[in-house]
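> Okay, predicted coordinates and the sequence, questions at the end:
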Amino acid sequence: VLFVESGGGLVQPGGSLRLSCVASGFTFSSYSMTWYRQSPGKEREEVATIGDPGGHTNYADFVKGRFTISRDNAKRTVDLQMNFLQPEDTAKYYCNFPGREDYPDKYWGQGTQVSVSS
């Protein structure tokens with residue numbers, strides 16, 4: 001199983017970014033997928049989850065109305081559109097299966113850094 005995240009960067013408060021994760025090594029369409037984030041000194045936390053093959057979505061309260069998760073099963077990708085970004089959204093973002101926030105590093109991709117600052 002491999003996850004490769006991309007799309008991060010530096011953005012001003014109120015700006016937008018679109019993250020993408022390409023997954024391989026499993027039957028992508030059969031699994032729910034989750035975006036997580038981790039800030040320095042903090043625990044990894046779930047941001048948004050999308051069910052398989054692409055129906056139900058669930059968001060953490062701190063991103064509701066600002067972030068949108070989507071997936072393309074043909075491309076094996078799960079995206080996170082992030083709007084109205086705030087400095088507290090600064091973190092490294094990862095994708096993985098739901099419920100893995102406590103899994104060790106070997107179960108994670110390299111992540112993509114999102115920095116929100118003026």
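Happy to help now that I have it. Numbering: from 1, shown residues only.
> Low-confidence ranges, the chain, go.
Within the chain, the stretches with pLDDT under 70 are 54.
> Geometric centre of it: which residue is closest?
The centre of the chain sits closest to residue 35, judged by C-alpha atoms, centre = their mean, with a distance of 2.7 Å.
> Let me see the contact set for it.
19, 21, 46-49, 69, 78, 80, 93-95 (C-beta atoms under 8 Å, 6 or more residues apart in numbering). Every C-beta, even on glycine, is put in place using the N, C-alpha and C of the backbone.
> try residue 92
With contacts defined as C-beta under 8 Å, 6+ apart, the neighbours of residue 92 are 8, 37-39, 111-114.
> which element is it on?
Assigned by DSSP states H and E, residue 92 falls within strand 91-96.
> Contacts for the strand ranked longest in the chain, please.
In the chain, with assignment by DSSP state E, the single longest strand is strand 17-24. By C-beta under 8 Å, 6+ apart, the list of residues contacting strand 17-24 from outside reads 1-9, 11, 33, 35, 75-82, 85, 93-95, 109, 112, 114.
> just stretch 53-63 next, same as before
Here stretch 53-63 makes contact (C-beta under 8 Å, 6+ apart) with 29-30, 45-51, 67-71, 73, 82, 88-89.
> Weed out the non-buried ones from those.
Burial by neighbour count, judged by 16 or more other C-beta atoms under 10 Å, picks out 46-50, 67-69, 71, 82, 89 from these.
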